[in-house]
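> With the sequence up front, the predicted model follows.
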Protein chains: 2
Amino acid sequence: MDLTFLGTASCYPCPNRGVSCTVLRNEGDCWMFDCGEGSQIQIQKSNIRPTRITKIFITHLHGDHLFGLPGFLCTIGQSGAERDTPLELYGPIGLRRYIRTSLELSRSMLGFDYIVNELAVPEKELPADWESWQPVHDSTGALHPNEKPGRLIEPDEHGVWHCYGDKRITVKAAPLTHRVPTFGFVIEEATLPGKLDSKKLLDLGVPPGPLYGRIKNGENMTLDNGDVLTPQDVLGPQRLGRKIVILGDTSCSEQITSVAMDTDILVHEATLENELLDKCIENGHSTPGMAAEFANKINAKKLILTHFSQRYRAVSDTLKEGEESVGKLIKQAELVFSRGDVVAADDLMQIVIPQH
Amino acid sequence: MDLTFLGTASCYPCPNRGVSCTVLRNEGDCWMFDCGEGSQIQIQKSNIRPTRITKIFITHLHGDHLFGLPGFLCTIGQSGAERDTPLELYGPIGLRRYIRTSLELSRSMLGFDYIVNELAVPEKELPADWESWQPVHDSTGALHPNEKPGRLIEPDEHGVWHCYGDKRITVKAAPLTHRVPTFGFVIEEATLPGKLDSKKLLDLGVPPGPLYGRIKNGENMTLDNGDVLTPQDVLGPQRLGRKIVILGDTSCSEQITSVAMDTDILVHEATLENELLDKCIENGHSTPGMAAEFANKINAKKLILTHFSQRYRAVSDTLKEGEESVGKLIKQAELVFSRGDVVAADDLMQIVIPQH
Ligand SMILES: [Zn+2]
Ligand SMILES: [Zn+2]
Ligand SMILES: [Zn+2]
Ligand SMILES: [Zn+2]
């Protein structure tokens, strides 16, 4: 499992830094988080195969997280690669309308099916000026020829949006504070039961068969001699699943706290340095200090900063007079978050997430 | 006056070649033709200042000519540069809806006003499968807060769409044959009257004053001695205006012939080599041979090929085994068009258009 950062700039793309796009690769299956303009160019520079992307999660509909999506869909559509199942997309209400309108007006056929699952936006998450400017966000009317009906995902009673789940992995979302409705995503692997000690079972006289599965699933077993065997007797230690939290733009991540607890990786924006705190919050963004505080709060093991203002150069760049690098932002986060690594994402950087 | 090619690839952008975007610069005033994804990155590599773009012309709504537009608008909007007059956009019906939807759903305010003028699409230009798939193209409903009402431009009786005109320059359009409604644009400077020979006028006893302007504007003048002075007597040769023809994707440019005649520059797509003629026409595109034939037909003085399939490398690239460069396409065009230069556009190439 690894994370690849395809764009790490805020606001607009530059030749040396793309806008938000991050890919989580898990045994060849790739999930994209945000798709700013130029992401399809950036992915060509990486070792991610665009046709391996099976799900795309959009944190919010700001252009620097969204405007690369129609082009990306068209380009993977033209590749001619077969897909067994539709590409699934997840994002705030309005995403379906945006994709459909872009594909329809450009008259783009994709060569594969897609589904847009929209995250319902509660009234309290609406933008401050919603009263005065309420564009149409719904997507009634005919579907695009490649579109299959998607779901409306409502929050559960704990304020958690359950986006995806199978036996192996789940994706949950919760809102963040930003200028428009924005979500953070929590990707969590299931905890795997320990390995069955089949030699011990054989020694105890239990023959291979369905009993093995039942004890592995947590049931006790009574042996022929009357002894009761518990799962702990014949199972190795459980293997904890990995947890990755990828946030959208945020000036307060309070609402995602409980679902993000104890994450292995926290990907958090740090648009501007601590000294620009007021401006940062006013624009709905975070400083390294804010990111680090949240990392502490959720007991994260590693903090990856991203979404940097174009004023910051890469750590590896040679700085000219008056220029700052993201190194400054790393230092500011390290002052607050000390229990794990702080990393500044850079375009095409890959972070391996080892198994526990 | 010069032309800058910001993207010269067909279909999708690559790290070494962007998709369609061409800028015509005329005394600091810049007009953009098409805006494929990544154009805002490409323009940063050029010497064109994005805030100097005052008009944007879109040949057709395919993604490789369009998907960079919302991001480009947002980025110049964020620059904070003042604009005296609204940015004017021109393109086929559906452009206004596309821009409005993209800006509304991303909740983007631009900081300047814009106007979308749509070119009416005659029934015979509708896509072949229009009967079975007719997405909504209109843009009824509330305008974006930065949007001012635009015009619907209908063709005149000669099948010419008059997009823009002032004393100095006009922009006309006519349809091309492609998979979706597509236009070519003809930019033409006014012919300037010759320079007034004021020394000769003084010698003839005509004092400086309003009479000078009248003779310059073509009126005859009777001298005190009864002689009649014609403009030709005191005017140098007229200065012919420059003419530039920028076509969208096309597999037949018949309909723009008369308005494109005698152009100084013809920018014509050449997606695939002559050997792939059938595939090329099937996809609505041209070969170098087709481009050159059209250049001959309209008596063009210079032919610039662009919109190349990603299979062709730049002329300056070192070719690996089995690779072809656009040099092959130039040669094929030169075999047919011999009265002027054939140039293959390359990203960031600038072509100066000297005065006559
Ligand atoms: Zn952002
Ligand atoms: Zn944002
Ligand atoms: Zn094209
Ligand atoms: Zn096209």
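Right, received. Where do you want to start? These numbers come from a predicted model, not from an experiment. Ligands and ions are numbered 1, 2, ... in the order given.
> secondary structure element for the residue nearest the centre of chain A?
What sits nearest the mean C-alpha location of chain A, by C-alpha atoms, centre = their mean, is A:I246, with 4.2 Å. Secondary structure from DSSP states H and E places A:I246 in strand A:243-247.
> Could you list every helix and strand in contact with that strand?
Judged by 3 or more C-beta pairs under 8 Å, 6 or more residues apart in numbering or on different chains; DSSP states H and E, the packing partners of strand A:243-247 are strand A:21-26, strand A:182-189, strand A:265-269. No exception for glycine: its C-beta is placed from N, CA and C like everyone else's.
> cutoff 10 Å now
Secondary-structure packing of strand A:243-247 (3 or more C-beta pairs under 10 Å, 6 or more residues apart in numbering or on different chains; DSSP states H and E): strand A:21-26, strand A:29-33, strand A:169-176, strand A:182-189, helix A:257-260, strand A:265-269, helix A:288-297, strand A:302-306.
> For B:I58, which of those is the nearest?
Distance to B:I58, taken as C-beta to C-beta, is lowest for strand A:21-26 among these, at 25.4 Å.
> Can that closest one be said to contact ligand 1?
No. Applying C-beta under 5 Å from the ion, one finds strand A:21-26 out of contact with ligand 1, separated by at least 11.2 Å.
> Strand A:265-269 and that strand, what's the angle between them?
Compare the direction of strand A:21-26 with that of strand A:265-269 by axes from the mean of the first three to the mean of the last three C-alpha atoms, to 10 degrees and you get 170 degrees.
> Parallel or antiparallel, list what pairs with strand A:21-26.
Note on strand A:21-26: by DSSP bridges, its sheet partners are strand A:2-7 (antiparallel), strand A:29-33 (antiparallel).
> Now the longest one - C-alpha only, PDB.
Just to be clear, that refers to strand A:2-7. Written as PDB, here are the backbone C-alpha positions of strand A:2-7 (Å, rounded to 0.1, in the frame of the first residue of the first chain):
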ATOM      1  CA  ASP A   2       1.300   3.400  -0.900                       C
ATOM      2  CA  LEU A   3       0.300   7.000  -1.400                       C
ATOM      3  CA  THR A   4       1.400   9.000  -4.500                       C
ATOM      4  CA  PHE A   5       1.100  12.800  -4.500                       C
ATOM      5  CA  LEU A   6       0.400  14.000  -8.000                       C
ATOM      6  CA  GLY A   7      -0.300  17.600  -7.100                       C
END
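> buried residues in that strand?
Neighbour counts using 16 or more other C-beta atoms under 10 Å in any protein chain shown place A:3-7 of strand A:2-7 among the buried residues.
> about what we covered before: may I see the strands paired with strand A:21-26 arranged in TSV, with mean pLDDT and distance to ligand 1 as well?
As requested, the strands paired with strand A:21-26 are arranged in TSV below (pLDDT from 0 to 100; distance: least, C-beta to the ion, whole Å):
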stretch	mean pLDDT	distance to ligand 1
strand A:2-7	98	10
strand A:29-33	97	12
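> and B:R97, which of these is closest to it?
If you check each of those against B:R97 by C-beta to C-beta, strand A:29-33 wins as the nearest, at 26.7 Å.
> Touching, A:I265 and A:I298? I think so.
No. Under the criterion of C-beta atoms under 10 Å, A:I265 is not in contact with A:I298, lying 11.1 Å apart.
> who has more neighbours, the two?
Each of A:I265 and A:I298 had its neighbours counted (other C-beta atoms under 10 Å in any protein chain shown), and the higher figure belongs to A:I265 (24 against 20).
> Just list whatever residues bridge to that one.
With beta bridges defined as DSSP bridges, A:I265 has these partners: A:I244.
> and it, what is it in contact with?
With contact set as C-beta atoms under 10 Å, 6 or more residues apart in numbering or on different chains, A:I265 has these partners: A:1, A:3, A:24, A:187, A:242-246, A:300-304, A:340-341, A:343, A:351, A:353.
> Which pLDDT value goes with it?
Model confidence at A:I265, given as pLDDT, is 98.
> how far away is the one residue in the stretch 51-200 of chain A that gets nearest to ligand 1 from ligand 4?
Proximity of the stretch 51-200 of chain A to ligand 1 (C-beta to the ion) peaks at A:D64, 4.4 Å away. Look at A:D64 and ligand 4: by C-beta to the ion, to the nearest Å, they are 26 Å apart.
> Could you say which helix or strand holds that residue?
In the assignment (DSSP H and E), A:D64 maps to helix A:63-66.
> pLDDT (mean, whole number) over that helix?
Taken as a whole, helix A:63-66 carries a mean pLDDT of 98.
> Surely A:G111 is in contact with A:A81?
Yes. With contacts defined as C-beta under 10 Å, A:G111 counts as touching A:A81 at a distance of 8.4 Å.
> Is there a neighbour count for A:V315? I'd like the number.
Using other C-beta under 10 Å, the number of residues around A:V315 comes to 15.
> hang on, the earlier thing: need the overlap of contacts for A:I265 and A:I298.
Where contact means C-beta under 10 Å, 6+ apart, the residues bridging A:I265 and A:I298 through contact with each are A:243, A:245.
> Run a quick neighbour tally on the residue in the stretch 151-300 of chain A positioned nearest to ligand 4.
Closest approach between the stretch 151-300 of chain A and ligand 4, counting by C-beta to the ion: A:V180, at 32.0 Å. By other C-beta under 10 Å, the residues close to A:V180 number 21.
> now the helices for chain A?
Remark: helices assigned in chain A by DSSP state H are A:39-45, A:63-66, A:69-78, A:95-105, A:198-203, A:210-216, A:231-234, A:257-260, A:277-282, A:288-297, A:327-334.
> For whichever residue of the stretch 101-250 of chain A sits closest to ligand 3, which non-adjacent residue is spatially closest?
Taking C-beta to the ion as the measure, the point where the stretch 101-250 of chain A comes nearest ligand 3 is A:S106, at 10.4 Å. Closest residue in space to A:S106, ignoring its immediate chain neighbours: B:G63 at 4.6 Å, by C-beta to C-beta, 6 or more residues apart in numbering or on different chains.
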